[in-house]
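> return a 3D structure for these sequence lines:
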Amino acid sequence: MNSIVCIKQVPNTNEVKINKETGTLIREGVESIINPDDKNALEAALVLKEQTGGKVTILSMGPPQAKAALKEGLAMGADEAWLLSDRAFGGSDTWATATILAAAIEKIGNYDVVFCGRQAIDGDTAQVGPEIAEFLGIPQVTYAKEIEPEENAIRVTRFTENADLVYRVQTPCLLTAIKELNDPRFPTVADIFRAYDEETDNIHVLTFADLDIDPTQIGLKGSPTNVYRSFVPVKDKQSEIIEGMNEKEKAKALTEKLAELKLF
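Numbers count the residues shown, from 1 in each chain. All right, here's what the predicted structure looks like:
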């Protein structure tokens, strides 16, 4: 089976810092990595290739420096890499991003499964994958924790809070991966040399002119989502020890305190 994996380059930090004037993430001085869930998606595609044959293509949208994430994906074992890069794509929200990625997937073509990570750590929306599936008109299963290929289909175990659900979905389809799906592999030495060979231009670049997209549906102007305000939550933790002669007195003191704080 042939797979296309959407990956995103994100800042490698647990402490998000926001520019108070612009309301955007401060990325300067912060190392960039492949989004963790996207690595699980790539690993799933590589395993699927080992089981059924085919090709693994990775796709990313971003500025030229996003090539670093694509090269890492190639080093993990992907066969081909595509970068979507154009000023016209700047400021795209999840709707516009999915519009662009879906158009690129149609341009690349020849796929059985599209893989995405569940969500990106710099946004946590979990919207792009399902939106791509809707634009492509293919079935989707999100939160995949187990994948088993069948003839012209994929059997997927989907994680939910209450129980795991098992689906049999026809290909072509789109799956979003969670960390429970697998453990991403480390690059091999041979694939590292192949990916970082300076004499080989192994990343294809697509711009707005290469895609069949309505310009009113992409970029900042084509994004229906407007961020009113971005901020880092203030951590204000307070603690108080409830005292009493016995358990009954402590319980009474606790309920009185909770009532005072209007917590029940």
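> run through the strands of the protein in chain order.
Using DSSP state E, the strands found in the chain span residues 3-6, 9-11, 32-34, 56-61, 80-84, 113-117, 140-150, 153-158, 165-170, 173-177, 203-206.
> among the ones you listed, show me which one is buried the most.
When the strands of the chain are scored by mean count of other C-beta atoms under 10 Å, the highest mean neighbour count falls to strand 113-117 (a mean of 29). Yep, even glycine has a C-beta here, placed from its N, CA and C like the rest.
> so, low pLDDT: which residues of this protein?
The model of the chain has pLDDT under 70 over residues 13-16, 19-29, 199-200, 230-233, 264.
> rewinding a little: which one of the strands of the chain lies closest to Trp95?
For these, proximity to Trp95 was assessed by C-beta to C-beta; strand 56-61 is nearest, at 13.4 Å.
> can you list the strands of the chain in a markdown table and add distance to Ile242?
As requested, these are arranged in a markdown table below (distance: least, C-beta to C-beta, whole Å):
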| stretch | distance to Ile242 |
| --- | --- |
| strand 3-6 | 50 |
| strand 9-11 | 41 |
| strand 32-34 | 44 |
| strand 56-61 | 53 |
| strand 80-84 | 57 |
| strand 113-117 | 43 |
| strand 140-150 | 40 |
| strand 153-158 | 43 |
| strand 165-170 | 42 |
| strand 173-177 | 44 |
| strand 203-206 | 61 |
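> which of these sits closest to Asn226?
Using C-beta to C-beta as the measure, strand 56-61 is the one of the strands of the chain that comes nearest Asn226, at 20.1 Å.
> quick one: closest of the strands of the chain to Lys49.
Proximity to Lys49, assessed across those by C-beta to C-beta, is greatest for strand 56-61 (5.2 Å).
> helices and strands around that closest one, which ones?
strand 3-6, helix 36-52, helix 67-76, strand 80-84, helix 94-108 (3 or more C-beta pairs under 8 Å, 6 or more residues apart in numbering; DSSP states H and E).
> winner for burial among these?
Of these, the one with the most neighbours on average (mean count of other C-beta under 10 Å) is strand 3-6, at a mean of 27.
> distance to Asp201 added to the helices and strands packed on strand 56-61, as TSV?
As requested, the helices and strands packed on strand 56-61 are arranged in TSV below (distance: least, C-beta to C-beta, whole Å):
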stretch	distance to Asp201
strand 3-6	20
helix 36-52	21
helix 67-76	10
strand 80-84	10
helix 94-108	17
